[in-house]
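1. fold the stuff below for me.
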Amino acid sequence: MPRANYLLVLIPLVLFGAIGGFFYAYSVSVMQGLNNLPETDAIRAMQELNRGTRNGLFLVTFVFTPIAALLCAAALYFRGQQMSASFLVAAAAVYFAGSFLPTVNINVPLNHAIEALDPGKLSLAEATAVWTDYSRDWTFWNTTRAIMALIGLGLAGTAMHNVRRLEPAVA
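-> All right, here's what the predicted structure looks like:
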């Protein structure tokens, strides 16, 4: 059953890559672009980006990534692939602590605070202060989320390497 083992690692590997890439793209392009806009426009754009991100596909990827990793790790463990299972458990733990928890406890509250604003009612000084603080804090924590998800990707890649290396050669 080498293909089943391979698929049990491939699923979380793809999920870690997808969510890590999503966070990475925001830090290195989306936020950089928004920072080039007038602050009221950046606030308004971020409000719309946040609304657009609240969709089923993002939610499933965001929430299901560590769950899939743990389920696949359990299956691998019982298939005799304890080393690969251990790497997937580590990947899920890193993602949960470094991506999931900062999202729930930091980035989402920052998003709710900025969504509560009416950018048209802010003075230029207020909009500048709000956007400068938001962008700095949100990008820092988003970059942390990206790094941690990509560490999870690396751990899942290591799990893949171990599965492939430990399987018998096909004659």
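2. and Glu126, what element?
-> Counting by DSSP states H and E, the element that carries Glu126 is helix 124-166.
3. could you tell me the angle between the helix or strand Pro109 falls within and helix 124-166?
-> Per DSSP H and E: Pro109 is located in helix 108-115. Per axes from the mean of the first three to the mean of the last three C-alpha atoms, to 10 degrees, the angle that helix 108-115 makes with helix 124-166 is 150 degrees.
4. tell me what helix 108-115 is packed against?
-> For helix 108-115, the helices and strands in contact under the criterion 3 or more C-beta pairs under 8 Å, 6 or more residues apart in numbering; DSSP states H and E are helix 39-53, helix 124-166. Heads up, the C-betas are built off the backbone N, CA and C, glycines and all.
5. let me know which of those is the nearest to Leu71.
-> helix 124-166 (13.2 Å; C-beta to C-beta).
6. what mean pLDDT does the closest one have?
-> The pLDDT scores in helix 124-166 average 94.
7. and that helix, what other elements does it pack with?
-> For helix 124-166, the packing partners by 3+ C-beta pairs under 8 Å, 6+ apart are helix 2-25, helix 31-35, helix 39-53, helix 56-78, helix 82-95, helix 101-102, helix 108-115.
8. quick one, it and helix 56-78 angle?
-> Angle of helix 124-166 versus helix 56-78, following the same axes, to 10 degrees, is 30 degrees.
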